[in-house]
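1. Coordinates only, no sequence provided:
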Ligand SMILES: O=C(O)CCC(=O)C(=O)O
Ligand SMILES: [Fe+2]
């Protein structure tokens with residue numbers, strides 16, 4: 001898969017740029033190429049394509065890249081007898097994204113839209129704009145502060161590339177397939193609007209198709225009157241081939257009573273606080289309207305190792321589970337080594353739904369590489385530093401190997417505990433995780449904050465910093481408030497590495513308290 005790690009999309013975008021440059025040279029030298037390729041080369045002189053890496057850091061740019069391979073490039077390859085001469089590439093089979101990639105990137109856009117409340121018309125124009133949402137407690141004078149945040153502008157993204165009408169319709173159909181009927185309805189509505197605003201282009205869906213899809217979505221939302229009106233408009237197209245099916249759908253909704261009134265209501269996340277904190281994590285960096293807690297920032301020397309250069313520590317939560325942020329604990333070079341070592345072992349990340357079972361899931365879109373301390377001096381040094389900061393043993397199996405992650409498109413890790421469930425039996429190799437030390441190995445232009453949904457903390461990604469938190473109390477009972485998540489990456493590529501520290505092997509360093517609660 002390409003969509004499951006942003007660095008794979010970056011590579012794909014670079015390959016595409018090389019192919020286009022090669023094709024342009026071929027054309028300049030008088031070579032003949034299919035019309036589709038010529039047109040693609042021309043359209044890709046738009047400044048939005050000039051920096052392939054930044055292009056895929058935007059979720060719309062990434063979706064469009066996958067779509068181009070899926071449709072345009074696949075079409076070109078069929079018509080091109082001599083791909084090696086023209087594109088400088090012979091066998092592109094390994095490069096081509098799969099239908100799962102395209103669907104994954106559409107789902108990513110839907111997830112980002114949902115979590116960050118993105119403005120839909122702006123997405124269609126290629127931009128990332130967070131809709132303003134007044135808090136329940138807001139007073140009248142906060143009205144002026146409630147302005148949408150145009151992140152593509154704030155983060156200096158390349159000029160946006162718009163979605164085509166067919167893309168907007170396709171994304172609606174992905175939402176429908178996933179039974180996200182609210183999103184299906186709004187993307188189909190936008191399809192209809194764009195069809196009246198823009199001049200028709202090849203690949204546009206038919207009007208009847210869009211009206212029927214709207215009827216189906218409103219019907220699923222139990223808004224039968226509007227569903228009925230859409231079916232009627234579809235029937236008015238006078239296409240006899242479809243009239244029987246439409247008649248029967250219209251008949252089905254005609255006498256049903258609406259349950260929830262006509263307005264479409266945005267569904268809320270099933271996770272308490274998750275969206276609010278993720279949004280706060282984005283907006284904290286863009287404007288200072290988010291309430292800040294009483295933070296303290298101090299220089300600390302957790303061991304003699306830090307005698308000459310103490311650590312910059314920000315305490316985010318003082319009671320159990322304690323959460324602290326350390327700045328500048330890793331250098332750019334070390335972060336690069338960790339990314340490189342992780343990437344050489346990458347596999348799609350999994351989750352553990354029940355003991356002994358690992359599965360790939362939309363709740364965790366990223367790739368993982370496990371890096372032992374013994375792999376490189378840099379890894380050993382970082383592990384030792386974590387040991388000095390925490391006062392605990394970190395080497396395997398008292399600690400896990402480092403887990404290096406690169407998130408994918410809209411990549412997230414939904415709220416979870418790092419501590420194993422109580423019923424899971426512990427062994428030396430699968431012991432319980434008492435502390436998590438999470439390094440941020442990259443900058444993220446927007447999104448991707450680590451949030452604690454019970455403790456109400458959003459930690460925006462700051463490159464070369466690390467967050468440390470407890471997963472249990474001293475009696476090794478899971479801390480309820482340690483539940484946390486990696487918010488979806490909105491713009492950019494997020495790399496992290498974590499070191500989990502186990503109970504077994506640390507009994508003397510972190511002895512039990514006298515009570516269960518301690
Ligand atoms: O990426 C993040 O911010 C959180 C990662 C995390 O919670 C995990 O890997 O267990
Ligand atoms: Fe975690």
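-> Here it is on my side, so go on. Not measured: the values here are computed from a predicted model. Ligands and ions are numbered 1, 2, ... in the order given.

2. Are we agreed that residue 367 is in a helix?
-> No. In this structure, residue 367 is strand, not part of a helix, as judged by DSSP: H, G, I helix; E, B strand; the rest coil.

3. Model confidence for it, exactly?
-> Note on residue 367: pLDDT of 93.

4. What residues are bridge-paired with the residue in the stretch 401-518 of the chain positioned nearest to ligand 1?
-> Using Cβ to the nearest ligand atom, the single residue of the stretch 401-518 of the chain nearest to ligand 1 is residue 486, 3.0 Å away. The way it works is simple: take the backbone N, C-alpha and C, and place the C-beta from them, glycine included. Bridge pairing for residue 486 (DSSP bridges) gives the partners residue 413, residue 450.

5. if I read this right, it contacts residue 410, doesn't it?
-> No. Contact criterion Cβ atoms under 8 Å: residue 486 and residue 410 do not qualify, at 11.4 Å.

6. So which of these two has more stuff around it?
-> Between residue 486 and residue 410, counted using other Cβ atoms under 10 Å, residue 410 has the larger neighbour count: 30 against 26.

7. Give me the nearest residue to the more buried one, chain neighbours excluded.
-> residue 108 (3.0 Å; Cβ to Cβ, 6 or more residues apart in numbering).

8. Around whichever residue of the stretch 51-200 of the chain sits closest to ligand 1, how many other residues sit close by?
-> Closest to ligand 1 within the stretch 51-200 of the chain is residue 115: 13.9 Å, counting by Cβ to the nearest ligand atom. For residue 115, the neighbour count with other Cβ under 10 Å is 22.

9. go on, the one 4 residues further on?
-> By the other Cβ under 10 Å criterion, the neighbourhood of residue 119 contains 19 residues.

10. repeat for the one 3 residues further on
-> Residue 122 sits with 19 neighbouring residues when counted by other Cβ under 10 Å.

11. That one against residue 116, yeah?
-> No. In terms of Cβ under 8 Å, residue 122 does not count as a neighbour of residue 116; the distance is 11.5 Å.

12. interface residues of this protein facing ligand 1?
-> Residues of the chain lying near ligand 1 by Cβ under 6 Å from any ligand atom: 413, 418, 438, 450, 484, 486, 496, 498.

13. which residue sits closest to the third one, ignoring its sequence neighbours?
-> If I follow you right, that is residue 438. Nearest one to residue 438, counting by Cβ to Cβ, 6+ apart, is residue 498 at 4.4 Å.

14. mind checking which helix or strand the one you found is in?
-> Using DSSP states H and E, residue 498 sits in strand 495-502.

15. so how far is that strand off the chain centroid?
-> Strand 495-502 sits 20 Å away from the centroid of its parent chain (Cα atoms, centre = their mean, to the nearest Å).

16. Stretch 334-346 too?
-> Stretch 334-346 has its C-alpha centroid displaced from the chain centroid by 20 Å (Cα atoms, centre = their mean).

17. follow-up on the earlier one: which strand residues bridge the residue nearest to residue 438?
-> residue 403, residue 438.

18. ok, back up a step: would TSV of the residues of the chain next to ligand 1 with pLDDT and distance to residue 152 be doable?
-> As requested, the residues of the chain next to ligand 1 are exported to TSV (pLDDT from 0 to 100; distance: Cβ to Cβ, whole Å):
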residue	pLDDT	distance to residue 152
413	92	24
418	92	33
438	98	28
450	96	23
484	96	28
486	96	22
496	98	24
498	96	30
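
19. Can you give me the buried ones in the helix or strand that contains residue 39?
-> Using DSSP H and E, residue 39 maps to helix 35-43. For helix 35-43, burial by neighbour count (16 or more other Cβ atoms under 10 Å) applies to 36, 37, 40, 41.

20. do stretch 41-61 as well
-> Residues of stretch 41-61 classed as buried by neighbour count (16+ other Cβ under 10 Å): 41, 44, 48-49, 52, 54-61.

21. do the same with stretch 347-354
-> Neighbour counts using 16+ other Cβ under 10 Å place residue 349 of stretch 347-354 among the buried residues.

22. ok, which stretches of the stretch 401-518 of the chain are strands?
-> For the stretch 401-518 of the chain, applying DSSP state E, counting those that start in this stretch gives strands covering 402-407, 413-416, 433-440, 446-447, 450-452, 457-459, 466-470, 484-486, 489-491, 495-502.

23. Would you give the sheet partners of the fourth one, along with the direction of each?
-> Looking at strand 446-447 with DSSP bridges, its partner strands are strand 489-491 (antiparallel).

24. and for the strand it pairs with, what are the contacting residues?
-> 6, 57-59, 112, 116, 128, 151-152, 155, 157, 282, 407-412, 444-448 (Cβ atoms under 8 Å, 6 or more residues apart in numbering).

25. pLDDT weak spots in this structure?
-> 134-146, 284-295, 354-356, 421-430, 516-518 (pLDDT under 70).

26. biggest helix in this protein, by residue count?
-> In the chain, taking DSSP state H as the definition, the longest helix is helix 6-28.

27. for the residue most central in space within the chain, what are its contacts?
-> For the chain, the residue nearest the mean C-alpha position is residue 410 (1.8 Å; Cα atoms, centre = their mean). With contact set as Cβ under 8 Å, 6+ apart, residue 410 has these partners: 59, 107, 108, 109, 111, 112, 365, 488, 489, 490.

28. who's in contact with the closest residue to residue 232 other than its chain neighbours?
-> Excluding the flanking residues, the one nearest residue 232 by Cβ to Cβ, 6+ apart is residue 250, at 6.4 Å. Contact analysis of residue 250 by Cβ under 8 Å, 6+ apart lists 215, 228, 231, 232, 235.

29. Could I get those in JSON lines, plus columns for secondary structure, neighbour count and distance to residue 510?
-> As requested, those are exported to JSON lines (DSSP: H, G, I helix; E, B strand; the rest coil; neighbours: other Cβ atoms under 10 Å; distance: Cβ to Cβ, whole Å):
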{"residue": "215", "secondary structure": "helix", "neighbour count": "26", "distance to residue 510": "61"}
{"residue": "228", "secondary structure": "helix", "neighbour count": "21", "distance to residue 510": "65"}
{"residue": "231", "secondary structure": "helix", "neighbour count": "27", "distance to residue 510": "65"}
{"residue": "232", "secondary structure": "helix", "neighbour count": "14", "distance to residue 510": "69"}
{"residue": "235", "secondary structure": "helix", "neighbour count": "19", "distance to residue 510": "71"}
